[in-house]
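[1] Generate coordinates for the sequence data below:
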Amino acid sequence: MSSTESRVPIVECVALTKVFQDFWGRDKVLAVDRLDMEIQPGEVFGLLGPNGSGKSTTIKMLLGLLYPTSGVARVFGRPPTDTAVKSRIGFMPEESYLYRYLNAYETLDYYGRLFKLDRVERRRRTEQLIEMVGLKRAGKRSVGTYSKGMARRIGLAQALINDPDLLILDEPTTGLDPVGTRQIKDVIETLGQRGKTILLCSHLLADVEDVCDRVAIMYGGRRQALGAVAELLERRDVTEITVRDIDDAAIEKVRKVVREAGSEVIDVHHPTDRLEALFLRVVTQAQREKLQTSGAESGRGVSEFLGGKGVESASLIDSLVQAGQHVVEAPAGAPEAPHEAPRVQADVVEKLRKDVAAPAVAQPRTEPVEAPIPPRKPDKAVLDRLLSGGAAAGDESKPASPPNTEG
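    Predicted coordinates:
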C-alpha cells in the first residue's frame, strides 16, 4: 500500500442513505439515514446497534450488494461496486452460506480458486487456517454436518483465505461457545496488531468493548454516538481506587479522609471475576487433562500469511521449496493416511468404555444418509370398501367419529 493511499480512509460514508420502497415505488422503510463515518487504516472499528438499526444494510452498501438511495460510500477511495476492490475485502456474513457437501479443505480450496491463488499457496493457507480455527480433527467432514459454531469457524477461515486488507465481520460470535468466542476475539486483536483494518458489526456489547479501537452506535438508521471506546465509557463523575486487601480500620481511615475532602465513599467491595474468565479456566484445565471431545478444538494462533504482505513477499527459493514439498504430498482430496486409523479406533474404544449410546465416530468424508421410508402396502379391504359405493364409504367414516359411551 502506497503512502498516499495509506492516508485515505479505508471506509468512508458521507450522508449515506438507504430507503426501501414498496411495489408501487412508495417509500416504505428508512433503513439508513444520512450516515457519516470513516474507518482509518489499521483500525478495529465496531458498528453497534439493536436489531433493525441499519447495521447490515450499511455493510451491504459497503460491499456493493445494495445501491444507496443517496449519499456516498467509498472503500479504498473507490465506489464499492468497483471490482478492483473486491479482492481486497474479506466478508463473514451473519449466516455462513457454504456448500454443505464439501468438507473444510475443499471449501477453502474452492474460495482460494475464486481469488486465483496457485495450488501451492491454496494448500498452505488452507492448512494454516483450518488449524487456526480449530477444525483440524473435523476438516474431512462435510460442512453440512457441522454445528452452528463450527460453521462460524469455517466461515471466518473463508473470509481470510485471500489475506484481505479490509475484513468485515457481521455478528462473528453468533452460535459460538465461550471458548470459541474468546478465540475469535483473540484473532481479531492479533489481526489488528498486524495492520489489518476490521469492521466488526455486532449487538453483543462485550465483544466490541474487548477488541475495538473506536465504535459507532446506530439506532433508527442514524448514528447516535461515535468515538474511542475508552472515551465513551469513561465516567468523569466517579473516581475508582484499587488497593490490595485491607482491614476494616484502614477502610474507616479512608472514609474519613474522603469525607474531609468533601466527598463520600459510595461502595467498598471485593472485585469479582468475569464469568468468561472462569469458564475459560475450567475448559483449559479439562484440555490439559486431555479429555475427549468430538467438537471443534482450540485454535493454534493466527496464520502466518495474514500479515498483509501477500504472496508476493515470498522469495523464489521459498516458492521452489514449497513446490517441491507439494509434489511429494498427497492432494487435498486424497483419503487419510493409514496413521489416522489408530486415532479413530481409540475414539471408538473410548466411547465403548464410557458406555455412550451415540454411534462411533464416522470415517472421514462419509456423510450419514437417512434410509428412505419404504412405501406402505395398500390395504385391500379398504380399497374394496371404497369401491363398493356409498354404504361402504359411510362405514369407513365411522372410526373417525368419537365412540358413543352412552348405555
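
[2] Sketch out the low-pLDDT regions of the stretch 151-300 of the chain for me.
    Within the stretch 151-300 of the chain, the ranges that satisfy pLDDT under 70 run 268-283, 285-287, 290-300.

[3] hey, where'd the helices end up in it?
    Assigned by DSSP state H, counting those that start in this stretch, the stretch 151-300 of the chain shows helices spanning 178-193, 205-211, 229-233, 248-260, 275-288.

[4] which helices and strands does the fourth one pack with?
    For helix 248-260, the contact count by 3 or more CB pairs under 8 Å, 6 or more residues apart in numbering; DSSP states H and E identifies no helix or strand as a packing neighbour. The C-beta positions use only the backbone N, C-alpha and C, and glycine is treated the same way.

[5] just the shortest one next, same as before
    In this structure, helix 229-233 makes packing contacts with helix 205-211, strand 214-219, judged by 3+ CB pairs under 8 Å, 6+ apart.

[6] repeat that with 6 Å
    Helices and strands in packing contact with helix 229-233 are not found; criterion 3 or more CB pairs under 6 Å, 6 or more residues apart in numbering; DSSP states H and E.

[7] Just tell me which of the helices of the stretch 151-300 of the chain ends up closest to residue 153.
    helix 178-193 (6.7 Å; CB to CB).

[8] Which strands or helices does the closest one pack on?
    Going by 3+ CB pairs under 6 Å, 6+ apart, helix 178-193 lies up against helix 205-211, helix 275-288.

[9] again, 10 Å this time
    Packing partners of helix 178-193 (3 or more CB pairs under 10 Å, 6 or more residues apart in numbering; DSSP states H and E): strand 44-48, helix 119-132, helix 148-160, strand 166-170, strand 197-202, helix 205-211, helix 275-288.

[10] now the second one against helix 178-193, angle please.
    This means helix 119-132. Helix 119-132 and helix 178-193 are oriented at 130 degrees to each other (axes from the mean of the first three to the mean of the last three CA atoms, to 10 degrees).

[11] Go through helix 119-132 and flag the buried ones.
    Going by neighbour count (16 or more other CB atoms under 10 Å), the buried part of helix 119-132 is 120-132.

[12] For these, give me CSV that also has distance to residue 174.
    Listed next are these as CSV, based on distance: CB to CB, whole Å:
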residue, distance to residue 174
120, 34
121, 30
122, 28
123, 30
124, 29
125, 25
126, 24
127, 26
128, 24
129, 20
130, 21
131, 23
132, 19
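
[13] ok, of those residues, which one's closest to residue 13?
    Residue 13 lies nearest to residue 129 out of the buried residues of helix 119-132, by CB to CB, at 30.4 Å.

[14] what about the strands in the stretch 1-150 of the chain?
    11-21, 27-39, 44-48, 70-75, 89-92 (DSSP state E, counting those that start in this stretch).

[15] what's the last one packed up against?
    This points to strand 89-92. On a contact count with 3+ CB pairs under 10 Å, 6+ apart, strand 89-92 meets helix 55-62, helix 148-160, strand 166-170, strand 197-202.

[16] try 6 Å
    Strand 89-92 is packed against helix 148-160, strand 166-170, with contacts defined by 3+ CB pairs under 6 Å, 6+ apart.

[17] what's the answer for the longest one, then?
    Contact analysis of strand 27-39 by 3+ CB pairs under 6 Å, 6+ apart lists strand 11-21, helix 55-62 as its packing neighbours.

[18] Any buried residues in it, and which?
    30-33, 35, 37-39.

[19] ditto for stretch 223-239
    Here stretch 223-239 shows 223, 229 as buried, counting by 16+ other CB under 10 Å.

[20] would you put the C-alpha positions of it in CSV?
    The C-alpha coordinates for stretch 223-239 follow below in CSV (Å, rounded to 0.1, in the frame of the first residue of the first chain):
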residue,chain,number,x,y,z
ARG,A,223,-25.5,7.4,14.0
GLN,A,224,-26.2,8.2,17.7
ALA,A,225,-22.6,8.1,19.1
LEU,A,226,-19.1,7.9,17.7
GLY,A,227,-15.7,7.8,19.4
ALA,A,228,-12.9,5.8,21.1
VAL,A,229,-14.2,3.1,23.4
ALA,A,230,-12.3,4.4,26.4
GLU,A,231,-13.6,7.9,25.9
LEU,A,232,-17.2,6.8,25.5
LEU,A,233,-17.1,4.6,28.6
GLU,A,234,-15.3,6.9,30.9
ARG,A,235,-17.3,8.2,33.9
ARG,A,236,-15.9,11.5,35.0
ASP,A,237,-18.2,11.8,38.0
VAL,A,238,-16.7,8.8,39.8
THR,A,239,-13.1,8.1,40.8
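
[21] mind putting the strands of the stretch 1-150 of the chain in a markdown table, mean pLDDT and distance to residue 104 included?
    Converted to a markdown table, the strands of the stretch 1-150 of the chain look like this (pLDDT from 0 to 100; distance: least, CB to CB, whole Å):
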| stretch | mean pLDDT | distance to residue 104 |
| --- | --- | --- |
| strand 11-21 | 93 | 30 |
| strand 27-39 | 90 | 30 |
| strand 44-48 | 92 | 26 |
| strand 70-75 | 94 | 29 |
| strand 89-92 | 94 | 15 |
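
[22] Since that was my last question, I'll sign off now.
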